[in-house]
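Just the structure for this:
(one chain, ligands or ions: 1)
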Amino acid sequence: MDELGSRALCRWDELADPATRGFILASELGGYEIFIVRSGEQIFAYRNHCPHTGAPLDWQPDQFLDVDKMFIQCAFHGALFRIEDGYCVRGPCTGQSLESVPVRLENGLVVLGDPV
Ligand code: FES
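From the prediction side, this is the model:
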C-alpha cells in the first residue's frame, strides 16, 4: 500500500476497470487503512475494516474483489459486499456495511473528500 499524506490518492487513468487499491492515510492514531474501487466510471472508497471482526479485507495487497469481480470480498471468512454501497449481502456480517470514505474525481485524480 502507498503511504500518503496528501488528499490526492492516484490518477484515474492508471486504474483498470474494475480495479481496487489500498492506501494508508496518516492520522494521529498512526494510520488509517482505506481502499478505493473503480467500477465503470464510478469511484468508491471504504475503510479497510470488516464489520465482522475488524480484520482487513484484502487477501493480497490491492486485491479486494471476489473472483468474478462483482463484489468486495473479505479475505477472512468470505463476506461479500456490494461495490456501490458496501452493504454485506452474504457472510457472517450480512446486513451490515463497510464504512464509506468520501472520494471524488478531480482533474484526472482520485481525491479524498466530498465534492467542493
Ligand atoms: S472478518 Fe470479514 S467476514 Fe469475518
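
The least confident helix or strand in the chain by mean pLDDT: what's the following helix or strand?
When the helices and strands of the chain are scored by mean pLDDT, DSSP states H and E, strand 2-4 comes last with a mean of 42. Counting by DSSP states H and E, the next helix or strand C-terminal to strand 2-4 is strand 8-11.

Contacts for that following strand next, please.
The contact list for strand 8-11 (C-beta atoms under 8 Å, 6 or more residues apart in numbering) reads 2, 21, 23, 36, 103, 108-112. (C-beta placed from N, C-alpha, C; glycine too.)

Could you spell out the sheet neighbours of it, each with its direction?
strand 109-112 (antiparallel) (DSSP bridges).

Run through who's touching the strand it pairs with.
With C-beta under 8 Å, 6+ apart, strand 109-112 has contacts from 7-12, 15, 25, 36, 43, 45, 101-105.

and the ligand, which of the residues you listed reach it?
Among those, no residue lies close to the ligand (C-beta under 6 Å from any ligand atom).

wait, does stretch 71-79 make contact with the ligand?
Yes: counting by C-beta under 6 Å from any ligand atom, the ligand is contacted by stretch 71-79 at 74, 76-77, 79.

now that stretch: how far from the chain's centre is it?
Mean-position distance between stretch 71-79 and its chain equals 12 Å (C-alpha atoms, centre = their mean, to the nearest Å).

Just the buried residues out of the contacts of strand 8-11, in ChimeraX syntax.
Here is the ChimeraX selection string for the buried members of the contacts of strand 8-11, based on 16 or more other C-beta atoms under 10 Å:
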select :21,23,36,103,110,111,112
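
so which of the contacts of strand 8-11 would you say is closest to Pro56?
Closest approach to Pro56 among the contacts of strand 8-11 (C-beta to C-beta): Phe23, at 12.3 Å.

I figured the closest one was touching Tyr46, is that so?
No: using C-beta atoms under 8 Å, Phe23 makes no contact with Tyr46, being 11.2 Å away.

Which strand residues bridge the most centrally placed residue in the chain?
Geometric centre of the chain, nearest residue: Phe35, 2.9 Å, by C-alpha atoms, centre = their mean. For Phe35, the beta-bridge partners are Gly22, Tyr46 (DSSP bridges).
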